[in-house]
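1. Okay, predicted coordinates and the sequence, questions at the end:
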Amino acid sequence: MKKIMNRPDRFANETLEGILRAHPRDLKAVGDDLREIVRANAPQQGKVAIATGGGSGHLPVFLGYVGEGLADGVAVGDVFNSPSAQQMYNVTRAIDGGKGVLYLYGNYGGDVMNFDMAAELASMDDIRVESIRVADDVASSPKGEEDKRRGVAGLFFAYKIAGAKAETGAELDEVVVVTNRALANLRSMGVALSPCIIPQVGKPGFTIGDDEMEIGMGIHGEPGIDRTKLQTADQIAETLTRTILEDGPYESGDEVAVLVNGLGATPQEELYIVYRKVDEILKEKGINVYHTYVGEFATSMEMAGMSLSILKLDDELKALLSAPAYSPFFSQPQL
Amino acid sequence: MKKIMNRPDRFANETLEGILRAHPRDLKAVGDDLREIVRANAPQQGKVAIATGGGSGHLPVFLGYVGEGLADGVAVGDVFNSPSAQQMYNVTRAIDGGKGVLYLYGNYGGDVMNFDMAAELASMDDIRVESIRVADDVASSPKGEEDKRRGVAGLFFAYKIAGAKAETGAELDEVVVVTNRALANLRSMGVALSPCIIPQVGKPGFTIGDDEMEIGMGIHGEPGIDRTKLQTADQIAETLTRTILEDGPYESGDEVAVLVNGLGATPQEELYIVYRKVDEILKEKGINVYHTYVGEFATSMEMAGMSLSILKLDDELKALLSAPAYSPFFSQPQL
Amino acid sequence: MTITFETIRYQFEHLSSVMNENKDFLIELDSAIGDGDLGLTMSAGFAAVVESMNKAAETDIGRALMQAGMAMNNAAPSTMGTLIASALLRMAQATKGKKAISDVEYVEMCKAAVAGIQDRGKADVGDKTILDALVPATRALEEAVESGASLQDSLEKAASAAEEGFDRTSTLVSKHGRGHYYGEKSKGHKDPGAAVGMLIFKGLRDSL
Amino acid sequence: MTITFETIRYQFEHLSSVMNENKDFLIELDSAIGDGDLGLTMSAGFAAVVESMNKAAETDIGRALMQAGMAMNNAAPSTMGTLIASALLRMAQATKGKKAISDVEYVEMCKAAVAGIQDRGKADVGDKTILDALVPATRALEEAVESGASLQDSLEKAASAAEEGFDRTSTLVSKHGRGHYYGEKSKGHKDPGAAVGMLIFKGLRDSL
Ligand SMILES: Nc1ncnc2c1ncn2[C@@H]1O[C@H](COP(=O)(O)OP(=O)(O)O)[C@@H](O)[C@H]1O
Ligand SMILES: Nc1ncnc2c1ncn2[C@@H]1O[C@H](COP(=O)(O)OP(=O)(O)O)[C@@H](O)[C@H]1O
Ligand SMILES: [Mg+2]
Ligand SMILES: [Mg+2]
Ligand SMILES: [Mg+2]
Ligand SMILES: [Mg+2]
């Protein structure tokens, strides 16, 4: 296991210590629990607050999307594990600005149960909480069972849209409505080329042959839908783009935002080679790309591979996507 | 060789095609040579222009630093190879806004010769050119032979400072002076944990044992100064920080900017674990960290490892570092 | 019989050692159709419950169980840890303000626990979860107590039902959590969460 | 003798096949203390030179060499490609406007080429570079021509000097380019660039 770290059992905490030391102007811990992190200027009065959370090992997900025009706070679990309801609840209290709190997170069993429990705790304090689970991975459950799908890199779009809407001073219900609309317009799918190692486990949970890849594998190594020989960038782009377009509400004439996300070890050069073909296919289909993001937006530590996410835009979604945002991990001027 | 690509000989070009398709609002090619890329709004009249260039395989270096408050144009070579003087010259002509052009690039033989040749071609057009070579890697040559050092992730600070200065409307000589001062205040050093593969070669140029790392290895796999057993994050942080502090002009009371850079495959979590210790050592020494960058700023495709760069600031450098910047690969609001 | 907080504390102390002894057994089951952490999270979670109960000055069963639930969740925010925390919080509600409870109230408390898990996880019997052990076990417990059997004898029946339920999970397809991603491939494997359910009822039987 | 553009074009055509035949030899040398691309870049670069010269309507040696230099640099912007491009550009300056040159002018042209490489790369003799073959070779060429020998015979002497120079590079420590990073470890390896220098002078000898 070739990781630059100290003690495996301190991996998540030392990451957080480094982040808090690196970005004191932007982030702070709630009390002295490193696992509860909020914007340095939280709570913001008169703004709907957005809380997120999940396991470590996915930077910039989740912590990296705490910032201006994004989320307000995050509860951070151990590598690939949910944080506790108590931590989520503490974050909720630290960010609530009187307009309610949106829980926005990936659709994983442990996270769902803990956020639900946190919402019950928060309701005892009369904090209004709404929950939205991002479930964008088309490979993780068939059509008709969308609510069982996992949340992957599309989380980025969820934060971007919800965060921008909250920043306008909108009410909690309004933030919920537009975020749900974005999620209905959002699909993702990925391929993995290599496994990653959970520091405390010390060996990969599965293997992928030297000439193989797995289509649809999850960001914790959840089984995908097809194990194949390593395909070319163009073939991968074809498979992902066509599957997403078939599953989602995309039509000729639509305007979309595209995210080509690296899982960790895959160089940005390769992501752009994939995008080249994605763009070609979208153009062929008459789908107009408004903005493209390429880089590492949701990772699995040192896993090699990538995912594609496509968000169909309407006027409001486009305006929200274009709004500026800033965190130590993601920064965008007004487009 | 597990790369997401099509034909190895088209690796660099297809990357560039993807980049141009992804960012049409920000970047354009000069004529129809993909290897010559400039800001979409180039040339900017009345601003010193900054040209850079070098081999592919290091994204966001070099192309990623073409943008507002950064460089104006780039000539892109094949993987780990210099672009041609002709390409650099074409870029020079496409970005010159009448105030002269600064060539700002990494200190590698092929690049140096080609930029020198390009400068001669440009001088025949009466375009004034000055050249600055970034040579920040302390591991690549001993003290006293600083001009033989390689340019690594410190390139980022060079672009940031020179770009911000040029954006103020300063004259070429002024941009040169402040950039040289920044470089005199800048040192970097790295460790590699795994090799990377040049697509057209198809196999690693060297190997690093499963339990080994190499201190001071270059971003093309140039031999480093020490091959050791894999060390802990804290030990690596100690070695890099202390070597840099001894080599450079850093003293208690100084204010610095720090960059912890991932070489490609190393997760951001690990970079923050390293930063945690770097910050601790700097605090111990009475050195004040003004701003910290952690992420992939100069890579070697899928190489695992990281580098540390430290830039000592004065009032002007601090103001220039704090200025906003935007490219599709790096974005920063006013700090 | 009369059940005090001390009875319950002692039962959890026993459950904690049961989880510790079965660490590898649970890891093995969870490795096949999950992420393999169940042995670790259950040991840590139940240890935290015992620590919380040992510190509790309380003799109010409800308050002590409430604190124990939060301790479980903080120590083990995994799926199973969170489900058991939810169970403890419902047990707390069912015993609020009481310093001692009867057999019948003990059964009510167990039923509340299972309802808590059901409400939290939204799974049904047959979905290959802990419920496939817990639901038949509580039903057996309730029937036995209603028919006049001693709590000891009733827990004996409940433990058997839990074990049968656990064994049956190998015929089921997983519908929740990580096991769900394995779909049909989850068949043939016994459910790790159901193993926890079985261990709990065997432990309760052995510690009364 | 009188040297026209056609003579020079033919010489480069020969050099191009020499580089092609020695591809693996150069790759092997460059793999030891460099990045191993020298065989590829020299084949590609000299082929581009020939292509450019074949296309040239020019009989003006200077203009044709100028275009050839840019072609070399575009096809092979590596260290060696750029150095040879620089050499070609200086040869172009030395022959500007001429349709034919004499033996003495040929020597001047060769000296200009070497000076171009020196100015571009800022290396000295003894630094383990192409100069360790080229400098003694041009000196031998010049002395022989000055002493009245034919250009053929003089190139024979130059080629021998180039080969000796190449052989001697195994005793030297690399001071430039990638070889430099190997420091003392570069000793014992012959310099790949010097091999190019030797191949050039042998090729010039064989193609006059
Ligand atoms: N929604 C649910 N309701 C009830 N039990 C569940 C549910 N989802 C999963 N489980 C149980 O949880 C067990 C796995 O627990 P655990 O190892 O803690 O999960 P994870 O490591 O994925 O968080 C499964 O074997 C199953 O019995
Ligand atoms: N500054 C220099 N001046 C002259 N020759 C040089 C210089 N630097 C390197 N060389 C020569 O270049 C050769 C390597 O050429 P090449 O393979 O093209 O380099 P690279 O692949 O590193 O660009 C070396 O063997 C050496 O002879
Ligand atoms: Mg588990
Ligand atoms: Mg788990
Ligand atoms: Mg070479
Ligand atoms: Mg080369």
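-> Nice, thanks for sending it over. Ligands and ions are numbered 1, 2, ... in the order given.

2. Tell me if I'm right that A:Tyr272 and B:His23 touch.
-> No - A:Tyr272 lies out of contact with B:His23 (CB atoms under 8 Å); the separation is 9.8 Å. All C-beta spots, glycine's among them, are computed from the backbone N, C-alpha and C.

3. So these two - more neighbours on which side?
-> Between A:Tyr272 and B:His23, counted using other CB atoms under 10 Å in any protein chain shown, the more crowded position is A:Tyr272 (26 against 22).

4. List the buried residues of the helix or strand where A:Glu316 lies.
-> Using DSSP states H and E, A:Glu316 sits in helix A:315-322. Residues of helix A:315-322 classed as buried: A:Leu317, A:Lys318, A:Leu320, A:Leu321, A:Ser322 (neighbour count, 16 or more other CB atoms under 10 Å in any protein chain shown).

5. I'd like to know how many residues surround residue 10.
-> This is for chain A. A:Arg10: 15 neighbours (other CB under 10 Å).

6. not quite, I wanted chain C
-> 15.

7. Which of the three states applies to the closest residue to chain B within the stretch 201-335 of chain A?
-> Residue nearest to chain B within the stretch 201-335 of chain A: A:Tyr272 (3.2 Å; CB to the nearest CB). Classification of A:Tyr272 by DSSP: H, G, I helix; E, B strand; the rest coil places it in helix.

8. Helices along chain C, start to end?
-> Along chain C, the segments classed as helices by DSSP state H run C:5-21, C:23-33, C:38-55, C:61-75, C:79-94, C:103-121, C:131-146, C:151-168, C:177-180, C:192-206.

9. do the stretch 201-335 of chain A as well
-> A:233-247, A:268-284, A:315-322 (DSSP state H, counting those that start in this stretch).

10. What is the burial count for residue 57?
-> In the absence of a named chain, chain A is used. 28.

11. not what I meant, chain C
-> Residues near C:Ala57, counting by other CB under 10 Å: 7.

12. Could you tell me how far it is located from C:Ala47?
-> In this view, C:Ala57 and C:Ala47 are 20 Å apart by CB to CB, to the nearest Å.

13. want to try TSV for the helices of the stretch 201-335 of chain A, with mean pLDDT as columns?
-> Listed next are the helices of the stretch 201-335 of chain A as TSV, based on pLDDT from 0 to 100:
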stretch	mean pLDDT
helix A:233-247	98
helix A:268-284	98
helix A:315-322	98
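
14. Which of the helices of chain C has the lowest mean pLDDT?
-> Out of the helices of chain C, helix C:177-180 stands lowest, with a mean of 89 (criterion: mean pLDDT).

15. and that one, does that touch ligand 1?
-> Yes - residues of helix C:177-180 contacting ligand 1 under CB under 6 Å from any ligand atom: C:Gly177, C:Arg178, C:Gly179.

16. would you turn these into JSON lines with neighbour count?
-> JSON lines is the format used below for these (neighbours: other CB atoms under 10 Å in any protein chain shown):
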{"residue": "C:Gly177", "neighbour count": "27"}
{"residue": "C:Arg178", "neighbour count": "22"}
{"residue": "C:Gly179", "neighbour count": "27"}
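
17. a markdown table please, covering these and showing distance to C:Ala87.
-> Output for the residues of helix C:177-180 next to ligand 1, formatted as a markdown table (distance: CB to CB, whole Å):
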| residue | distance to C:Ala87 |
| --- | --- |
| C:Gly177 | 16 |
| C:Arg178 | 20 |
| C:Gly179 | 20 |
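
18. Restricting to those, which residues neighbour ligand 4?
-> The subset of the residues of helix C:177-180 next to ligand 1 within reach of ligand 4, by CB under 5 Å from the ion, is empty.

19. Which one of those is nearest to A:Ile4?
-> Proximity to A:Ile4 was ranked across the residues of helix C:177-180 next to ligand 1 by CB to CB; first place goes to C:Arg178, at 28.2 Å.

20. quick revisit: which one is the residue of the stretch 201-335 of chain A closest to chain B nearest to, not counting chain neighbours?
-> With sequence-adjacent residues excluded and distances taken as CB to CB, 6 or more residues apart in numbering or on different chains, A:Tyr272 is closest to B:Gly18, at 3.2 Å.

21. What backbone torsions are found at the single nearest residue of chain C relative to chain D?
-> Nearest to chain D, among the residues of chain C, is C:Asp35, at 43.2 Å (CB to the nearest CB). C:Asp35 has phi and psi values of phi -100, psi 0 when expressed as degrees, to the nearest 10.

22. residues contacting the closest residue to it other than its chain neighbours?
-> Nearest residue to C:Asp35 in three dimensions, chain neighbours excluded: C:Arg178, at 5.9 Å (CB to CB, 6+ apart). Counting by CB atoms under 8 Å, 6 or more residues apart in numbering or on different chains, C:Arg178 makes contact with A:Gly109, A:Glu222, C:Ile33, C:Gly34, C:Asp35, C:Thr79.

23. Could I get the phi/psi values of the residue of the stretch 151-300 of chain A found nearest ligand 4?
-> Proximity of the stretch 151-300 of chain A to ligand 4 (CB to the ion) peaks at A:His220, 8.8 Å away. Note on A:His220: backbone dihedrals following degrees, to the nearest 10 are phi -110, psi 10.

24. Does the helix holding A:Glu316 reach chain B?
-> No - Helix A:315-322 lies out of reach of chain B by CB under 8 Å from any CB of the partner chain, never closer than 11.3 Å.

25. swap in stretch A:188-200?
-> Yes - using CB under 8 Å from any CB, we find that stretch A:188-200 touches chain B at A:Val191, A:Leu193, A:Ser194.

26. So for the residue of chain C closest to chain D, what's the pLDDT?
-> 87.

27. just to revisit the earlier point, look up how far A:Val294 lies from the residue nearest to A:Tyr272.
-> For B:Gly18 relative to A:Val294 (CB to CB), the value is 8 Å.

28. Now do the helices in the stretch 51-200 of chain A.
-> A:85-95, A:109-124, A:155-167, A:172-184.

29. Highest mean neighbour count out of the ones you listed?
-> The highest average neighbour count among the helices of the stretch 51-200 of chain A, using mean count of other CB atoms under 10 Å in any protein chain shown, belongs to helix A:155-167 at a mean of 27.

30. Spit out the contact partners of the residue in the stretch 201-335 of chain A that ligand 6 sits nearest to.
-> Relative to ligand 6, the nearest point of the stretch 201-335 of chain A is A:Glu269 (18.0 Å; CB to the ion). If a contact means CB under 8 Å, 6+ apart, then A:Glu269 has B:Phe11, B:Ala12, B:Thr15, B:Ser56, B:Gly57, B:Leu59, B:Met301 as its contacts.

31. what do you get for C:Leu83?
-> C:Leu83 neighbours (CB under 8 Å, 6+ apart): A:Met113, C:Ile117, C:Arg120, C:Gly121, C:Ile130, C:Gly193.

32. Test my guess that the first one contacts C:Met80.
-> No - A:Met113 is beyond contact range of C:Met80, at 9.8 Å (criterion: CB under 8 Å).

33. Understood, closing this out.
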